[in-house]
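Chemist: Just to be clear, the model below is a prediction. Sequence and coordinates:
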Amino acid sequence: MDADVHTTVEIICSGADEMSDRFPIFDVILEQRRRSWVWSVRTTGGTLVMTGSRSSRSDARYEADRALFLMLLNAPYHSRLSARMIHANQQARARRSLPPKL
């Protein structure tokens with residue numbers, strides 16, 4: 001079994017090709033240190049974002065993936081997209097509720 005595991009996760013959304021500079025890419029890294037597994041989430045530039053350790057590889061992998069998911073769930077771009085979707089939904093409802101023109 002490999003001692004180091006490295007996974008790259010890219011945030012994907014529609015139009016990401018045009019806006020790739022706005023959406024960061026994160027690396028999830030697992031390393032075996034003596035009897036424990038150390039996980040970390042880093043930017044592709046190597047900046048440490050989160051870290052932790054667990055006694056088993058599967059537990060470390062789960063915790064790293066969970067940390068990444070929670071981080072992405074609270075990302076600032078996520079709020080902007082949600083706000084746009086809410087606004088568009090409100091506009092669509094308003095258009096449907098207008099009486100027909102005679």
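Modeler: Here it is on my side, so go on. Residues are numbered from 1 along each chain as shown.
Chemist: From now on I want contacts and neighbour counts done on CA atoms only, so please keep to that.
Modeler: Will do.
Chemist: what residues does the strand or helix carrying Y62 touch?
Modeler: For Y62, the host element (DSSP states H and E) is helix 57-73. Contact with helix 57-73 is made by 28, 30, 36-41, 50-54, 78, as judged by C-alpha atoms under 8 Å, 6 or more residues apart in numbering.
Chemist: This structure: helices as residue ranges?
Modeler: 57-73, 76-97 (DSSP state H).
Chemist: comparing these, which gets the lowest mean pLDDT score?
Modeler: By mean pLDDT, the lowest-scoring of the helices of the chain turns out to be helix 76-97, with a mean of 69.
Chemist: follow-up on the earlier one: filter the contacts of helix 57-73 down to the ones in strands?
Modeler: Here DSSP state E is the test, and these give 28, 30, 36-41, 50-54 as lying in strands.
Chemist: Now stretch 58-74 - C-alpha only, PDB.
Modeler: Presented in PDB, the C-alpha positions along stretch 58-74 are these (Å, rounded to 0.1, in the frame of the first residue of the first chain):
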ATOM      1  CA  SER A  58     -10.100   5.100   6.000                       C
ATOM      2  CA  ASP A  59     -11.000   7.400   8.900                       C
ATOM      3  CA  ALA A  60      -8.400  10.000   7.800                       C
ATOM      4  CA  ARG A  61      -9.800   9.900   4.300                       C
ATOM      5  CA  TYR A  62     -13.300  10.300   5.500                       C
ATOM      6  CA  GLU A  63     -12.400  13.200   7.700                       C
ATOM      7  CA  ALA A  64     -10.400  14.900   5.000                       C
ATOM      8  CA  ASP A  65     -13.200  14.600   2.500                       C
ATOM      9  CA  ARG A  66     -15.800  15.800   5.000                       C
ATOM     10  CA  ALA A  67     -13.600  18.800   5.900                       C
ATOM     11  CA  LEU A  68     -13.300  19.700   2.200                       C
ATOM     12  CA  PHE A  69     -17.000  19.300   1.600                       C
ATOM     13  CA  LEU A  70     -17.900  21.500   4.500                       C
ATOM     14  CA  MET A  71     -15.400  24.100   3.400                       C
ATOM     15  CA  LEU A  72     -16.800  24.100  -0.200                       C
ATOM     16  CA  LEU A  73     -20.400  24.300   1.200                       C
ATOM     17  CA  ASN A  74     -19.500  27.500   3.000                       C
END
